[in-house]
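kindly generate the corresponding structure for this input.
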Amino acid sequence: MTQTVAVLMDPIGAIHPEKDTTLALLLEATRRGHALRYMLQGDLAVRDGVAWARLAPLEVRDDTRDWFTLGEARWQPLADGIDLVLERKDPPFDNQFLYDTLVLDLAARAGVRVVNNPQALRDFNEKLAAQWFPQCCAPAIVARERGELRRFARQHGEVVLKPLDGMGGRGIFRSRGDDPNLNSILETLAGDDHRFVMAQKFIPEISQGDKRILVVDGEPVPYALARIPQGTDFRGNLAAGGRGVGQPLSERDHWIAREVGPELKRRGIVLAGLDVIGDYLTEVNVTSPTCARELDAQFGLNIAGLVFDAIDATAPRSAAT
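Numbering: from 1, shown residues only. Down below sits the predicted model:
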């Protein structure tokens, strides 16, 4: 059935089309005959309890030099002709992102399908959500007090320290309990003990890659993209210069996906990205998980097609759970 699909994303002119998962989703929507509409974060509003958006007609092409055309934007109620909203804004998950999910809740209550579920986007902090599945994780602590974080580092030796609201490897430090720079790192991340910081035991298998496992409607794609650090940088994130190498899921990868997948599906998260280093889950990405295009190219997949198959197969649901 032909639908009108609106996307909330970062500026489309600034993406890397050859590896952008949002573009892959939009290309699949086009192949299915759906009409596209485009909006940025500043294009949402509420009028008399109704969710509105300033929407521009959008056409997309699989062309790395000329991948989109935008028409003239106009304001309209989101429930007026929009069947589906793809919420694909990158982190940080700040106040504005939070407010966007509340506006999209209103749209969902008016009958618009929103993917991923706005309530789930609020509930799933991408760093903290992994801690819902401690059986899958390496030792970790989330705390504001620098003294607690220092004790954790002394207990476990080498650790990775990260803020809760970052992405792409930004703001992540590798340190040790005896690192003379540890206090300065903790001051940068936690301030005067007023910001949460996550500390995780360092997993040496990062040298073999930070695996991104895409989960569609609770089921894992059978291949992961191992993002392998380059040079002296310990981070595997592609945005930090990591190299992406596809590989079949291991038995442990499948087990982690079975532990996490049902909860993702229950909460209306159609597309998620699990980050796994060695045998351990480190993050659950739900805002704008990526790596679909790389896996498609390496293994002849159509992950965006799986996403739209899942959307088509499931009945519309309220964003409130």
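
which residues in the stretch 101-250 of the chain form helices?
Remark: helices assigned in the stretch 101-250 of the chain by DSSP state H, counting those that start in this stretch are 118-123, 146-156, 182-190.

any idea which of those helices is most buried?
helix 118-123 (a mean of 20; mean count of other C-beta atoms under 10 Å). Every C-beta, even on glycine, is put in place using the N, C-alpha and C of the backbone.

for it, packing partners?
Packing partners of helix 118-123 (3 or more C-beta pairs under 8 Å, 6 or more residues apart in numbering; DSSP states H and E): helix 95-109.

including mean pLDDT and distance to Gly209, could the helices of the stretch 101-250 of the chain go into CSV?
Listed next are the helices of the stretch 101-250 of the chain as CSV, based on pLDDT from 0 to 100; distance: least, C-beta to C-beta, whole Å:
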stretch, mean pLDDT, distance to Gly209
helix 118-123, 96, 27
helix 146-156, 97, 22
helix 182-190, 96, 25
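
would you format these as TSV with distance to Thr21 included?
Formatted as TSV, these follow (distance: least, C-beta to C-beta, whole Å):
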stretch	distance to Thr21
helix 118-123	16
helix 146-156	33
helix 182-190	28
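
right, so of those, which gets closest to Pro262?
When those are compared by C-beta to C-beta, helix 118-123 sits nearest Pro262, at 13.5 Å.

show the end-to-end separation of stretch 8-17, please.
Length of stretch 8-17, first residue to last, C-alpha to C-alpha, to the nearest Å: 16 Å.

can you tell me what sits against that stretch?
Stretch 8-17 is touched from outside by 22-23, 38-41, 43-44, 58, 62-64, 67-68, 70, 85-90, 100, 104, 288, with contacts defined as C-beta atoms under 8 Å, 6 or more residues apart in numbering.

out of those residues, which sit inside helices?
Counting by DSSP state H, the contacts of stretch 8-17 place 22-23, 100, 104 in helices.

and the worst-scoring helix or strand of the chain on mean pLDDT, how far out from the chain middle?
Ranking every helix and strand in the chain by mean pLDDT, DSSP states H and E puts strand 243-248 at the bottom, with a mean of 92. Its chain's C-alpha centre and that of strand 243-248 lie 18 Å apart, by C-alpha atoms, centre = their mean, to the nearest Å.

next one: stretch 20-28
Computed by C-alpha atoms, centre = their mean, the chain-centroid distance of stretch 20-28 equals 14 Å.

same thing with stretch 76-94?
On C-alpha atoms, centre = their mean, the centre of stretch 76-94 falls 15 Å from that of its chain.

CA atoms of it as CSV?
What follows is stretch 76-94, C-alpha atoms only, in CSV (Å, rounded to 0.1, in the frame of the first residue of the first chain):
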residue,chain,number,x,y,z
GLN,A,76,0.5,21.0,8.2
PRO,A,77,-0.8,18.8,10.9
LEU,A,78,1.3,15.6,10.9
ALA,A,79,-1.8,13.5,10.9
ASP,A,80,-3.0,15.2,7.8
GLY,A,81,-1.8,12.8,5.1
ILE,A,82,1.3,11.4,6.9
ASP,A,83,1.2,7.7,7.5
LEU,A,84,4.7,7.1,8.9
VAL,A,85,7.4,9.2,10.5
LEU,A,86,11.0,7.9,10.5
GLU,A,87,12.6,9.6,13.6
ARG,A,88,16.3,9.5,12.6
LYS,A,89,17.9,12.5,14.3
ASP,A,90,21.4,11.8,15.5
PRO,A,91,22.3,12.3,19.2
PRO,A,92,23.0,14.1,21.4
PHE,A,93,19.8,13.3,23.2
ASP,A,94,19.3,16.8,24.6
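
assign Leu55 to helix, strand or coil.
Here Leu55 is recorded as strand under DSSP: H, G, I helix; E, B strand; the rest coil.

does it touch Leu36 like I think?
No - contact between Leu55 and Leu36 fails when scored by C-beta atoms under 8 Å: they sit 9.6 Å apart.

what residues does the closest residue in space to Asn181 that isn't next to it in sequence make contact with?
Residue nearest to Asn181 in three dimensions, not counting chain neighbours: Ser175, with 6.8 Å by C-beta to C-beta, 6 or more residues apart in numbering. Listed by C-beta under 8 Å, 6+ apart, the contact set of Ser175 reads 153, 158-161, 181-182, 185.
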